[in-house]
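# Build the 3D model from these lines:
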Amino acid sequence: MNTYDFDKTIFYPDSSACFFRFCLRRYPSALLPTLPKSLRMALRYRRGEVSARELKQQLFSFLSEIRDIDEAVAAFWRKNERRIGAWYLAQKRSDDLILSASPRFLLQPICDKLGVRLIATEMDSRSGRISGENCHDHEKVRRFYSLHPHGRTEAFYSDSLTDSPMADIADRAFLVKKHRLFPWPGKK
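Prediction:
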């Protein structure tokens, strides 16, 4: 099986940021009241005072104000599916596995359409609350092995060196920059 990060890897740029902007335009009354606290939290995150998990929960706190989140996600993908990289579509296999820090509720519909499996951050689509850990760096490896105890990944693709734990367990790994593939630094 091949494994992939999602944001800035097979989808460019970042699906969570795109969804946030999409909702800001479509549901401004849901997002605008949360922006001051989200901006303060982002500053605290940059100073290392709060975790990525805490920041992500605050950023997605607007979800409780959207009446039909499933329709919002469907509308988002109707507009943004075109951002899936052609390079990925050309090599996609049915046993592909995507591992992402983005919320499952956001990525599951597009992964279902692509016919691939997903491991992602478990976030309540009604509240923005995360259960468990943010699916990032070492957490991706932990979740991979929890689902595939003796699993092997032939190739791993990501835009970020923070995904080195997944690259380390892959036979081959590639760094993806704006849909261009490069050998993973230090990986033979």
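# Mind jotting down where the strands sit in the protein?
For the chain, applying DSSP state E gives strands covering 2-4, 97-103, 117-121, 153-158, 170-177, 180-183.
# Out of those, flag the one nearest Gly48.
Among the strands of the chain, strand 97-103 comes nearest to Gly48, with 17.9 Å by CB to CB. To be clear about C-beta, it is placed using only N, CA and C from the backbone, and glycine gets the same treatment.
# Between strand 153-158 and that closest one, find me the angle.
For strand 97-103 against strand 153-158, the angle by axes from the mean of the first three to the mean of the last three CA atoms, to 10 degrees is 30 degrees.
# Any stretches of this protein with poor pLDDT?
188 (pLDDT under 70).
# returning to what we had before: can I get the strands of the chain in TSV with distance to Thr34 and mean neighbour count?
TSV is the format used below for the strands of the chain (distance: least, CB to CB, whole Å; neighbours: other CB atoms under 10 Å):
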stretch	distance to Thr34	mean neighbour count
strand 2-4	31	24
strand 97-103	16	24
strand 117-121	19	21
strand 153-158	30	22
strand 170-177	31	18
strand 180-183	36	11
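# how close does the residue positioned nearest the centre of the chain get to Phe20?
Geometric centre of the chain, nearest residue: Ser102, 2.9 Å, by CA atoms, centre = their mean. For Ser102, the distance to Phe20 (CB to CB, to the nearest Å) stands at 11 Å.
# Now do the same contact list for the nearest residue to Ala120 once chain neighbours are set aside.
When the adjacent residues along the chain are set aside, Ala120 lies closest to Arg104, with 4.1 Å between them (CB to CB, 6 or more residues apart in numbering). Counting by CB atoms under 8 Å, 6 or more residues apart in numbering, Arg104 makes contact with Leu118, Ala120, Thr121, Glu122, Met123.
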